[in-house]
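S.K.: Any chance you can model this:
(one chain, ligands or ions: 1)
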Amino acid sequence: MRVAFLGLGIMGRSMAANLVKAGNDVTVWNRTTNKSVDGAKVASSPKEAAANAEVVWICVSDTAAVEQVLFGKDGAFESVRSGMTVADSSTILPEASERFAVRVRERGADFVDAPVTGSKIAAEGGTLIFMTGGKDETIQKLDPLFKAMGKTVLRIGDNGKGLAAKLAMNLMIALIYEGFAEALTLATKLGVDQQALFSLIQSSMVRSGVVDYKMPFVEKRDFSPNFPLRLMHKDIRLMLEAAQESGVALPGLETVKKIYDQAHADGRDDLDYAATLLNVEELSKGK
Ligand code: NAP
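M.R.: So this is what the prediction gives:
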């Protein structure tokens, strides 16, 4: 397929590379021009990237960034034609995504929200899990592209529902990691050997994929970004916004947000969100 891929960050670069590897004709665009993907053409604007594409795939930071690459000056929308599909793997507000879908549909094209889970390692390995919102037939049409980048595609419902599920998923990830960080901090303070605690966690009912992923990094105190803290912080704000709009109370997440606010104030935005462990440790100091 002829694909325009917009956004070559931690996730997008590997996703686009996997589309190339699978034999697709890929044109990439990134805001800062120092990023590229072997085997892909490079465009100078989203509009140019989308000019000959059948599918436009977006993976940028947040709602404002999606709006910019799609509807901003020289945005992809200027090249959107009847029959095209726009798929968005960015984690953004579901309600905004629904609005974007309406605008794209008015052009006779279609729109799918296709956020992902699996982080950097799954993006590199082509084993992402996509949770999608949109028309069934459009999602099926994208199947070869999903297969090139991921191992599982779940249709959650209509437009915006993939993102609603993604926010719920990341809510659990934030809380599970916070539980791990607090358990590790308490156990260490009580004199428990870290390796012994890790073995116990791995072999018991509290084992989780989040801990499986993060434990090797925590062991090495390697907080280089797989999922940057600033993006989890952004997702927490999206969850709380969606919760407020729908009248849902999230008291646990409100508390966890304070840790992320502090990590942000401490200049940890570009570290992995696993670095919130440092804030839990710092809160414990001197007590
Ligand atoms: P990243 O490494 O920070 O990359 C962000 C990308 O967005 C870059 O290409 C950046 O361009 C672009 N961008 C930001 N603001 C823009 C704007 N106003 N206009 C145009 N482009 C803009 O982020 P990532 O980790 O790849 O994440 C991308 C999306 O996937 C986010 O929504 C994130 O929440 C979601 N996600 C991430 C993970 C993960 O583990 N990393 C997992 C699941 C979902 P520049 O290079 O010019 O800055």
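S.K.: can you tell me which residues contact A43?
M.R.: A4, T27, V28, W29, A49, A51 (C-beta atoms under 8 Å, 6 or more residues apart in numbering). The C-beta positions use only the backbone N, C-alpha and C, and glycine is treated the same way.
S.K.: ok, the fourth one to D74 distance?
M.R.: For W29, the distance to D74 equals 10 Å [C-beta to C-beta, to the nearest Å].
S.K.: ditto for the second one
M.R.: With distances defined as C-beta to C-beta, the gap from T27 to D74 amounts to 14 Å.
S.K.: quick one, which of those two is more surrounded?
M.R.: Neighbours were counted for T27 and for D74 using other C-beta atoms under 10 Å; T27 has more, 22 against 16.
S.K.: K161 contacts P94, doesn't it?
M.R.: Yes: between K161 and P94 a contact is recorded at 7.3 Å, counting by C-beta atoms under 8 Å.
S.K.: what's the overlap in contacts for these two?
M.R.: D113, G133.
S.K.: who has more neighbours, these two?
M.R.: P94 (24 against 19).
S.K.: Backbone dihedrals for the more buried one, both of them.
M.R.: P94 adopts backbone torsions of phi -50, psi -40, taken as degrees, to the nearest 10.
S.K.: Would you confirm that it contacts A242?
M.R.: Yes: between P94 and A242 there is a contact under C-beta under 8 Å: 6.5 Å.
S.K.: where do the contact lists of the two overlap?
M.R.: With contacts defined as C-beta under 8 Å, 6+ apart, the residues adjacent to both P94 and A242 are A164, L167.
S.K.: Where does this protein get nearest to the ligand, which residue?
M.R.: Here the chain gets closest to the ligand at one residue, G9, 1.9 Å apart by C-beta to the nearest ligand atom.
S.K.: That residue: what's it in contact with?
M.R.: Taking C-beta under 8 Å, 6+ apart, we find G9 in contact with C59, V60, S61.
S.K.: same thing with Q202?
M.R.: Q202 sits next to V211, D212, M215 when contact means C-beta under 8 Å, 6+ apart.
S.K.: List buried residues within the residues you listed.
M.R.: V211, M215 (16 or more other C-beta atoms under 10 Å).
S.K.: I'd like the contacts of Q202 laid out as a markdown table, including pLDDT.
M.R.: Putting the contacts of Q202 into a markdown table (pLDDT from 0 to 100) gives the following:
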| residue | pLDDT |
| --- | --- |
| V211 | 93 |
| D212 | 92 |
| M215 | 94 |
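S.K.: Now, the contacts of Q202 that are in helices?
M.R.: V211, D212, M215 (DSSP state H).
S.K.: The second one and F198: what is the separation?
M.R.: According to C-beta to C-beta, D212 stands 10 Å off from F198.
S.K.: Filtering the contacts of G9 by proximity to the ligand, which remain?
M.R.: When contact is defined as C-beta under 6 Å from any ligand atom, these meet the ligand at C59, V60, S61.
S.K.: And for L200, the neighbour number?
M.R.: Count around L200 with other C-beta under 10 Å applied: 13.
S.K.: Which of the three states applies to it?
M.R.: Following DSSP: H, G, I helix; E, B strand; the rest coil, L200 is assigned to helix.
S.K.: Could you check the pLDDT of it?
M.R.: Note on L200: pLDDT of 95.
S.K.: With V248 instead?
M.R.: The score at V248 is 98. That number is its pLDDT.
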